[in-house]
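Colleague: Structure for the following, please:
(2 chains)
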Amino acid sequence: MKVYQFTEQPYFPTWNDHSGSLRVNLLNRKCDPRIAADLFHRYYDELQLSDELGLDIMLNEHHQTATCMSSTVVVGLAVLSRITKRARLLVLGYPIGHRPDPLRCAEELSTIDVISRGRLDMGFIKGVPYEFPASNQNPVGVMDRFWEALDFIIKAMTTHDEVFNWEGEYLHYRQVNVWPRVWQEPHPPIWTTTGSTSQARLLGERGYVMATLGSGYNTRPLYDAYRRGYLAKRRKAPGPDRFAYLGLVAVANDRDEARKRGDLVAGYLRSSGIVHVPFRNPPGFLSVEDNARLLRGQTPPRSYTKDRRVISMHSATVEDLIAAGILFCGTPDEVYDQIVDFCGYCGGMGNLLMMGHAGFLTHEQTVDNLTLFSREVYPRLKEWKQPDAQRAAAEAMAEQAPHPAASTRPGDLVDATITAN
Amino acid sequence: MPKSAENPAESAAGSLVVEGTRIELIERGAGRPLLFLHAENGIEPALSAIEELAKSARVIAPTHPGFGRSELPKGMRSVDDLSYFYLDLLDQLDLRDLTVVGISLGAWLGAEIAVKSTARLSRLVMANAVGIKVGDRETRDIADIFALTEPEYLDIAYCDPNVGRRDYAALPEGEVLAAARAREATARFAWSPYFHNPRLKSRLHRIRIPTLFLWGTHDRMLSEAYGRAYCAMIPGARFELIERAGHFPHQEQPTVFAEKVLAFAAGK
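Modeller: Numbers count the residues shown, from 1 in each chain, chains lettered A, B, ... in the order given. Now for the predicted structure:
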């Protein structure tokens, strides 16, 4: 199993000083650039430590928000390409449907791949609903634009012996020839996220690494849909390396201290939904059918514990988050058991996206959390034998039960963090 | 397509295929032809006004592609695209001496049709019209409705917000789907540039038929100054107010609205 350390690089000093919205319209007057600089350097130090501890690294971006100062992920990737030595650098994700110029995206990512000497993993996403007011990209039809941008970026990265032409529905270029050329052949691995089984199947067909977030003990149906799609195209089962899961992690030698840290890390979940209401569900983001259900006040439950209790990840207690497989928290033994139990439930999961820092967790607590995890938990996870991929795939083929999908529109990618109410 | 609902108004609507795209279409009354172009909130809120107009005219009221149960042709993304669809519709129905009446987004559509051809048109009515930019680049002419809560929106769009309020839990499924579809279609056509076509202003002089601007005085999504500036760009256009109405005067004052439209259509 590989473990990617992840932090949203929050500007937490204003988390208790907002007027009902931490995103889009929280005025940047509340951001002190001196504090922001200190925080950036602290976060890069912690990611550099992650590299030294043998962890891989995940970065993301959000816009106009105190929940995540990384508003342009390429800057973080560039810094880390230079100051880390060995870690994989995963961007999850890069919201290419929002970008006016995907050629620029291909150039940026190729450059990162070269500077890091082939350590880049490219996660492409639709983006959460609150990104649309900031980018002003039309949320209606954005996935058509996303898929065209993805096809274009792959072509730009894999074309070496000609200058090519692209005149599509959304993108127009006549002389494409990206310098520098990507390090990894044919291109850096592609990752993405989903929260719906119909899309999971599509991603399986394409064979991308599929990550879910907050799906907890509702993850297996998504993975099984992926397995079915993968098998339909390849006649071989997808290994655990095709699956990724974002889990919050809080470890301490003392059980009570671990629960305290878990509560601080859960601040990510509690803050992520604090957004001015109209920005939570822009038109066209969800399907018409889903929006009609929302208008009628019907919202499907999203997170389940192992014993099928419904919880809200935005307000659940630490114990419920642990029971739902959203937070892995406790002594090293407890955390190892929780992760292994979860991976077994999934039928195999090879990439833990570990939120080992969030919210008000201090630098000292973060360093201790990462160090303890790397020394006491990670070596045992690497040793652990994943469930048999063939068997998991056979179970997936036998199990065709529908999953309460967040959206069923063809080509859509729904971020599992979305709550549209 | 959404399933049909057991709603008298909907079941009374027929359909029409234009260049391979099937749309809903209501046809009522007899006499002078009048094309009714609904606003961004769809056809349902316009039914009273359509009935009033049908007392003295042959009203043709399509549901725009992407709204209600009307199909959306592939690649249709702008009001400019919509206007060509309607020019085809006018040809197909061979409408002549036509009065075109539009509200808000429908009025913008009416202007987009008229700048291209007025061959089949005799008169144009634009109520609380969007479609152009009047102020400078940092002045928001049109309230950002996608940044408002529903109560905030109802408050600026209506004189009496109760007229606009809908109890979705109690509405037939078809109408809830239509409301969800209206919101999506509005964004498709008007998200950016926001509720306007930067090219339209320089083409408005081509509208050389009698044109009437109607304006609900309680509209706070748009200002009356915006409406008057818009009106001044169309040669000879007249401007009349409708009291006790906001952005959707046909919905809040259907009788007054219809009287003004019919009088104008009759050449008064």
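
Colleague: And the helices in the stretch 151-300 of chain A?
Modeller: Under the criterion DSSP state H, counting those that start in this stretch, the stretch 151-300 of chain A contains helices at A:197-206, A:220-234, A:255-265, A:267-272, A:288-295.

Colleague: among the ones you listed, which is nearest chain B?
Modeller: helix A:288-295 (3.9 Å; C-beta to the nearest C-beta). In this view, the C-beta of every residue, glycine as well, is placed from N, C-alpha and C.

Colleague: that older thread, how about TSV for the helices of the stretch 151-300 of chain A, with mean pLDDT and mean neighbour count added?
Modeller: As requested, those are exported to TSV (pLDDT from 0 to 100; neighbours: other C-beta atoms under 10 Å in any protein chain shown):
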stretch	mean pLDDT	mean neighbour count
helix A:197-206	94	22
helix A:220-234	96	22
helix A:255-265	97	19
helix A:267-272	93	22
helix A:288-295	93	20
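
Colleague: can you redo those helices as a markdown table with distance to residue A:323?
Modeller: Below are the helices of the stretch 151-300 of chain A laid out as a markdown table (distance: least, C-beta to C-beta, whole Å):
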| stretch | distance to residue A:323 |
| --- | --- |
| helix A:197-206 | 23 |
| helix A:220-234 | 16 |
| helix A:255-265 | 12 |
| helix A:267-272 | 14 |
| helix A:288-295 | 27 |
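
Colleague: Those: which one's closest to residue A:80?
Modeller: Judged by C-beta to C-beta, the one of the helices of the stretch 151-300 of chain A that comes nearest to residue A:80 is helix A:267-272, at 20.4 Å.

Colleague: Can you name the residues of chain A sitting close to chain B?
Modeller: Applying C-beta under 8 Å from any C-beta of the partner chain, we find that chain A lies next to chain B at A:25, A:133, A:136-141, A:169, A:276-279, A:282-284, A:288-289, A:291-292, A:295-297.

Colleague: picking that back up, who wins for proximity to residue A:308 among the helices of the stretch 151-300 of chain A?
Modeller: With C-beta to C-beta as the criterion, residue A:308 lies closest to helix A:220-234 of the helices of the stretch 151-300 of chain A, at 12.3 Å.

Colleague: Now do the closest one: which elements does it pack against?
Modeller: Applying 3 or more C-beta pairs under 8 Å, 6 or more residues apart in numbering or on different chains; DSSP states H and E, we find helix A:220-234 packed against helix A:197-206, strand A:209-213, helix A:332-346, helix A:389-398.

Colleague: Show me what it is in contact with.
Modeller: Residues outside helix A:220-234 that contact it (C-beta atoms under 8 Å, 6 or more residues apart in numbering or on different chains) are A:194-198, A:200-207, A:210, A:212, A:215, A:237-238, A:242-243, A:345-347, A:349, A:392-393, A:395-397, A:399-401, A:403.

Colleague: Restrict that helix to CA atoms and write it as CSV.
Modeller: Taking Å, rounded to 0.1, in the frame of the first residue of the first chain, the C-alpha atoms of helix A:220-234 are listed here in CSV:
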residue,chain,number,x,y,z
ARG,A,220,-17.5,-1.1,-1.9
PRO,A,221,-20.3,-0.6,-4.5
LEU,A,222,-18.3,2.1,-6.2
TYR,A,223,-15.2,-0.1,-6.3
ASP,A,224,-17.3,-3.0,-7.6
ALA,A,225,-18.7,-0.8,-10.4
TYR,A,226,-15.2,0.1,-11.3
ARG,A,227,-14.2,-3.6,-11.3
ARG,A,228,-17.0,-4.4,-13.7
GLY,A,229,-16.0,-1.6,-16.1
TYR,A,230,-12.4,-2.6,-15.9
LEU,A,231,-13.2,-6.3,-16.6
ALA,A,232,-15.4,-5.4,-19.5
LYS,A,233,-12.5,-3.9,-21.3
ARG,A,234,-9.6,-6.0,-20.2
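
Colleague: now the angle from that helix to helix A:389-398?
Modeller: Here the directions of helix A:220-234 and helix A:389-398 differ by 100 degrees (axes from the mean of the first three to the mean of the last three C-alpha atoms, to 10 degrees).

Colleague: Now do helix A:220-234 against strand A:209-213, angle only.
Modeller: Angle, helix A:220-234 to strand A:209-213, by the same axes, to 10 degrees: 170 degrees.

Colleague: and the residues of chain A next to chain B, which are buried?
Modeller: By neighbour count, with 16 or more other C-beta atoms under 10 Å in any protein chain shown, the residues of chain A next to chain B hold A:25, A:133, A:137-141, A:276, A:278-279, A:282-284, A:288, A:291-292, A:295 as buried.

Colleague: Write out the residues of the stretch 51-200 of chain B neighbouring chain A.
Modeller: Counting by C-beta under 8 Å from any C-beta, the residues of the stretch 51-200 of chain B that sit close to chain A are B:75, B:77, B:146-149, B:168-169, B:173, B:176-177, B:179-181, B:183-184, B:186-188, B:191-192.

Colleague: let's go with 10 Å and repeat that
Modeller: Neighbours of chain A within the stretch 51-200 of chain B, by C-beta under 10 Å from any C-beta of the partner chain: B:66, B:74-75, B:77, B:144-150, B:152-153, B:166, B:168-171, B:173-194.

Colleague: Residue 60: neighbour count?
Modeller: Just going to use chain A. 23 (other C-beta atoms under 10 Å in any protein chain shown).

Colleague: let's do chain B instead
Modeller: Residues lying near residue B:60 (other C-beta under 10 Å) number 22.

Colleague: looking at this, it is in a strand?
Modeller: Yes: counting by DSSP: H, G, I helix; E, B strand; the rest coil, residue B:60 falls inside a strand.

Colleague: what pairs with it across the strands?
Modeller: Residue B:60 has these beta-bridge partners by DSSP bridges: residue B:27, residue B:35.

Colleague: Show me the residue sitting in the middle of the chain in space.
Modeller: I'll assume chain A. residue A:92 (4.8 Å; C-alpha atoms, centre = their mean).

Colleague: Actually, chain B is the one I wanted.
Modeller: Nearest to chain B centroid, counting by C-alpha atoms, centre = their mean: residue B:106, 2.3 Å.

Colleague: hey, which helix is longest across the chain?
Modeller: You didn't say which chain, so I picked chain A. What stands out as the longest helix in chain A, according to DSSP state H, is helix A:33-52.

Colleague: think we crossed wires, I meant chain B
Modeller: helix B:173-190.

Colleague: List the buried residues for it?
Modeller: B:174-190.

Colleague: Which other helices and strands does that helix contact?
Modeller: If you count contacts as 3 or more C-beta pairs under 10 Å, 6 or more residues apart in numbering or on different chains; DSSP states H and E, helix B:173-190 packs onto helix A:288-295, helix B:8-11, helix B:79-92, helix B:105-116.

Colleague: So what angle separates the directions of it and helix B:105-116?
Modeller: If you take the same axes, to 10 degrees, helix B:173-190 sits at 50 degrees to helix B:105-116.

Colleague: Just the CA trace of helix B:173-190, in PDB.
Modeller: C-alpha atoms of helix B:173-190 as PDB (Å, rounded to 0.1, in the frame of the first residue of the first chain):
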ATOM      1  CA  GLU B 173     -43.700  15.900 -10.500                       C
ATOM      2  CA  GLY B 174     -43.600  17.300 -14.100                       C
ATOM      3  CA  GLU B 175     -43.800  20.900 -12.800                       C
ATOM      4  CA  VAL B 176     -40.900  20.300 -10.400                       C
ATOM      5  CA  LEU B 177     -38.800  18.800 -13.100                       C
ATOM      6  CA  ALA B 178     -39.700  21.800 -15.300                       C
ATOM      7  CA  ALA B 179     -38.600  24.200 -12.600                       C
ATOM      8  CA  ALA B 180     -35.300  22.300 -12.200                       C
ATOM      9  CA  ARG B 181     -34.900  22.300 -16.000                       C
ATOM     10  CA  ALA B 182     -35.700  26.000 -16.300                       C
ATOM     11  CA  ARG B 183     -32.900  26.800 -13.800                       C
ATOM     12  CA  GLU B 184     -30.400  24.700 -15.800                       C
ATOM     13  CA  ALA B 185     -31.500  26.000 -19.200                       C
ATOM     14  CA  THR B 186     -31.200  29.600 -17.900                       C
ATOM     15  CA  ALA B 187     -27.700  29.100 -16.900                       C
ATOM     16  CA  ARG B 188     -26.900  27.400 -20.200                       C
ATOM     17  CA  PHE B 189     -28.000  30.400 -22.100                       C
ATOM     18  CA  ALA B 190     -27.200  33.200 -19.600                       C
END
